[in-house]
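In: pasted the sequence and its predicted model underneath.
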Amino acid sequence: MSTPANSAAKGLAMSAAAERATLTFPEKRIGSHRRPDPNGFNQWLALTTRSLKSMIKTGELAVAVIAPLIFTVGFYLPLRFVMKLQGIDYAQFLMPIIVLQAMAFTAISASQLASVEALHGFTTRLKTMPVSGPVPLISRMTSGLVRSTITLTAALIYGYVIGFRFSGGVALAALFCLLALAISLALSLGADAIGTMAKSPEATSQALALPQLILGMLSSGFVPVSGFPEWIQPFVRNQPISQFSYAMRDMAAGSLTASTFVPAALWCVGLMAVFAPLAVWASVRRK
């Protein structure tokens, strides 16, 4: 899953040195002098705009559209006939894991952006400027949510092509999308912290790809829990990817209950509670 993200990281690394030399913030006049505007909103806007321009320049947003297509084709085609023989509408069954893989891809991209900025001194430079402590992190998360929204939209379009449908109405469809974006934000916070501390885009993406691969394959996202050996079924059933998949399938089908929604929500809140403080600490720490 990390291959598209690795190619985008190369473009980020190539342009990072030039961007850190030319970054400017909105200014305001104080007497006869012009100084950087300390307003946090303006700083956030400047950094977010910079990140989005960089994504466009390096083709990262284009990769965000292509990656879900790779996931959809790679996961759906090999197993659709086998699942059809078991009476499973595989497009409906598979769509949550396609979305979750796309959100994990966004998290890997977030880690690479943080690594590139730390590696090329951009993060250190911001700490010497009158920039509010959490603003760089918030701007990276904002640009990450834009990327997540684009890749989620693309994934749903591809899902509709293979037969996926929302049967539960607009409210549950919106909840499906909100849960996906919340998961993306939680994972991106953790990935950003790792990327900031590691300062190695390649090592970071490889480290994050392994747990993503293991949890994805050992989940009910691709096959029902009954398809696994009995001794590992409790882990498969209760790990976060499976819980997210259960909730998102029920949202799409219009049969969401507390027994599926609450565990998924608790996993999401728990991940956020762990990763958000870690990301803030990594972003504002000074060596």
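Out: Perfect, thanks for sending it.
In: excluding covalently adjacent residues, which one is nearest to L215?
Out: Distances taken as Cβ to Cβ, 6 or more residues apart in numbering put I241 closest to L215, at 4.9 Å, once the chain neighbours are dropped. Quick note: C-beta positions are derived from backbone N, CA and C, even for glycine.
In: contacting residues around that neighbour?
Out: I241 makes contacts with 97, 100, 215-216, 219, 221, as judged by Cβ atoms under 8 Å, 6 or more residues apart in numbering.
In: ok, which pair from these is furthest apart?
Out: Using Cβ to Cβ, those reach their maximum pairwise distance at I97 and L215, which is 10.5 Å.
In: can you pull the pLDDT of the residue nearest to L215?
Out: pLDDT for I241: 96.
In: what mean pLDDT does the one helix or strand Q101 maps to get?
Out: Secondary structure assigned from DSSP states H and E places Q101 in helix 90-119. The average pLDDT within helix 90-119 is 87.
In: now do L152 against S167, distance only.
Out: Separation of L152 from S167 (Cβ to Cβ, to the nearest Å): 19 Å.
In: re the thing from before, in which helix or strand does the residue nearest to L215 reside?
Out: Here I241 is assigned to helix 240-253, by DSSP H and E.
In: which secondary structure element contains A155?
Out: Assessed by DSSP H and E, A155 sits inside helix 135-162.
In: what helices or strands is that helix leaning on?
Out: Packing contacts for helix 135-162, counted by 3 or more Cβ pairs under 8 Å, 6 or more residues apart in numbering; DSSP states H and E, involve helix 40-58, helix 60-85, helix 90-119, helix 170-198, helix 258-284.
In: in CSV, list those helices along with mean neighbour count and distance to V146.
Out: Below are these laid out as CSV (neighbours: other Cβ atoms under 10 Å; distance: least, Cβ to Cβ, whole Å):
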stretch, mean neighbour count, distance to V146
helix 40-58, 17, 6
helix 60-85, 17, 8
helix 90-119, 26, 10
helix 170-198, 21, 11
helix 258-284, 16, 18
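In: and these: which comes nearest M141?
Out: Of all these, helix 170-198 sits nearest to M141, with 6.1 Å by Cβ to Cβ.
In: that closest one vs helix 240-253, what angle?
Out: 160 degrees (axes from the mean of the first three to the mean of the last three Cα atoms, to 10 degrees).
In: next SSE downstream of helix 170-198?
Out: Note on helix 170-198: by DSSP H and E, the next helix or strand toward the C-terminus is helix 201-217.
In: quick one: buried residues of that following helix?
Out: Residues of helix 201-217 classed as buried: 201, 204-205, 207-209, 212, 215-216 (neighbour count, 16 or more other Cβ atoms under 10 Å).
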